[in-house]
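[1] Sequence and computational prediction follow.
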Protein chains: 2
Amino acid sequence: MRVLAIDPGYGRCGVAVVEKSNGEELLIHSACIETSAQSEFPERLGKVVGECARLIDEHAPDSMALEKLYLTNNQKTAMRVAEVRGALIALATRSGIRVFEYTPGQVKSAAAGWGGADKTHVMKMLHVLLKIEKDIKHDDEYDAIAIGVTHLAHTR
Amino acid sequence: MRVLAIDPGYGRCGVAVVEKSNGEELLIHSACIETSAQSEFPERLGKVVGECARLIDEHAPDSMALEKLYLTNNQKTAMRVAEVRGALIALATRSGIRVFEYTPGQVKSAAAGWGGADKTHVMKMLHVLLKIEKDIKHDDEYDAIAIGVTHLAHTR
């Protein structure tokens, strides 16, 4: 069971490939895709989708997990993030991969044990759970890993 | 100058291929893509994107025109429509086609002469302007044609 987990965004997009093998969760790959604020939206979206398509080719995940939309005060940003999500859902569908969506509460529960956990706690739990040794710079990358762990927990 | 104009939706999605040739607007193709409410969202999205990909292959438009997001009272629907838009923008970008977005006001102004025009007036004007003879059943198909006409007017 291998999942491509994504924290969708067009400025920064966290991605993680997480696998469950012999009862153990493994982090196969994680990164933060970044795009230039100088580029127009379609170009930024194209870069995010192109990178995710490459990850599907390289890691052959059997599913894609995404954080479910949640509303913010900034409607314009929320809409653009929804557009990224849609492009990723279409990519998955056209690649024959099933899509699963999780709410932020589900992600925190699965990654840290309870829905009210703060970010620092989630990060510490992920390091322990997946024995992460590499340096992770961006929250978006952690978020993607947490979404991946959530998917593994829900498909147990 | 040939444009694939789309009124994005996942239940019904209006599509039109409109061209300007020797100063005359021509309707090359129009349709309403429909998906089943019994299908899950990723499948419905996949059908819409797949059909649009086929139209790009068949008609080789040089641009894609979309109606710009506008907010409704139904946030969930608005988000899902944004997801369709994003999937279409990614499709265009990955096909090397430029994307243009127009507001509902711009579309009414271009298709009927003023931003406050009602739907019936827009439909009548489109029939005259493009000499449409075929029967058009759904509003979404009219909307797509109007978006295409708007794009031609703006790139004059």
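    Thanks, I have the structure now.
[2] Which residues are in contact with A:E43?
    A:T35, B:T93 (CB atoms under 8 Å, 6 or more residues apart in numbering or on different chains). Quick note: C-beta positions are derived from backbone N, CA and C, even for glycine.
[3] Give me the distance between the helix or strand hosting A:A87 and the centre of its chain.
    In this assignment (DSSP states H and E), A:A87 forms part of helix A:75-94. In this view, helix A:75-94 has its centroid 13 Å away from the chain centroid, taken as CA atoms, centre = their mean, to the nearest Å.
[4] Can you name every helix or strand that the next helix or strand after that helix contacts?
    Going down the chain from helix A:75-94, the next helix or strand is strand A:98-102, by DSSP H and E. Where contact means 3 or more CB pairs under 8 Å, 6 or more residues apart in numbering or on different chains; DSSP states H and E, strand A:98-102 is packed against strand A:63-67, helix A:75-94, helix A:139-154.
[5] Show me what secondary structure element comes after strand A:98-102.
    Using DSSP H and E, the helix or strand that directly follows strand A:98-102 along the chain is helix A:104-112.
[6] ok, and the closest non-adjacent residue to A:D139?
    Leaving aside its sequence neighbours, A:D139 sits nearest to A:K119 (CB to CB, 6 or more residues apart in numbering or on different chains; 6.8 Å).
[7] how close does A:E19 sit to B:L4?
    39 Å (CB to CB, to the nearest Å).
[8] again, but for A:I136
    In terms of CB to CB, A:I136 sits 41 Å off from B:L4.
[9] Compare neighbour counts for the two and give me the winner.
    B:L4 (30 against 19; other CB atoms under 10 Å in any protein chain shown).
[10] My guess is A:M125 contacts A:S109. True?
    No: in this structure, A:M125 is not within contact of A:S109 by CB atoms under 8 Å, at 11.2 Å.
[11] Quick check: neighbours shared by these two?
    A:A117.
[12] which bits of chain A sit near chain B?
    By CB under 8 Å from any CB of the partner chain, the residues of chain A that approach chain B are A:41-43, A:45-46, A:49-50, A:69, A:71, A:75, A:78-80, A:82-87, A:89-94, A:98-99.
[13] Put the alpha carbons of stretch A:124-136 into CSV.
    Backbone C-alpha positions of stretch A:124-136 (Å, rounded to 0.1, in the frame of the first residue of the first chain) are rendered in CSV as follows:
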residue,chain,number,x,y,z
LYS,A,124,7.5,15.3,16.6
MET,A,125,5.1,12.4,16.2
LEU,A,126,5.9,12.1,12.5
HIS,A,127,9.6,12.0,13.2
VAL,A,128,9.2,9.2,15.7
LEU,A,129,6.6,7.3,13.7
LEU,A,130,8.5,7.3,10.4
LYS,A,131,12.0,7.6,11.8
ILE,A,132,12.6,10.7,9.7
GLU,A,133,16.2,11.6,9.7
LYS,A,134,16.4,14.2,6.9
ASP,A,135,15.9,17.9,7.5
ILE,A,136,12.4,19.2,6.6
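[14] Three-state assignment for the most far-flung residue of chain A relative to its centre, please.
    Distance from the C-alpha centroid of chain A, by CA atoms, centre = their mean, peaks at A:Q38 (24.1 Å). With DSSP: H, G, I helix; E, B strand; the rest coil as the basis, A:Q38 sits in coil.
[15] ok, now how distant is it from B:F100?
    To B:F100, A:Q38 is 20 Å away according to CB to CB.
[16] What about the nearest residue to A:K68 once chain neighbours are set aside, how many residues nearby?
    Nearest residue to A:K68, sequence neighbours excluded (CB to CB, 6+ apart): A:E101, at 4.3 Å. By other CB under 10 Å, the residues close to A:E101 number 17.
[17] Contacts only, for A:E101.
    Contacts of A:E101 (CB under 8 Å, 6+ apart): A:A65, A:L66, A:E67, A:K68.
[18] filter the residues you listed to the buried ones?
    Burial by neighbour count, 16 or more other CB atoms under 10 Å in any protein chain shown: within the contacts of A:E101 this picks out A:A65, A:L66, A:E67.
[19] Thank you kindly, that will do.
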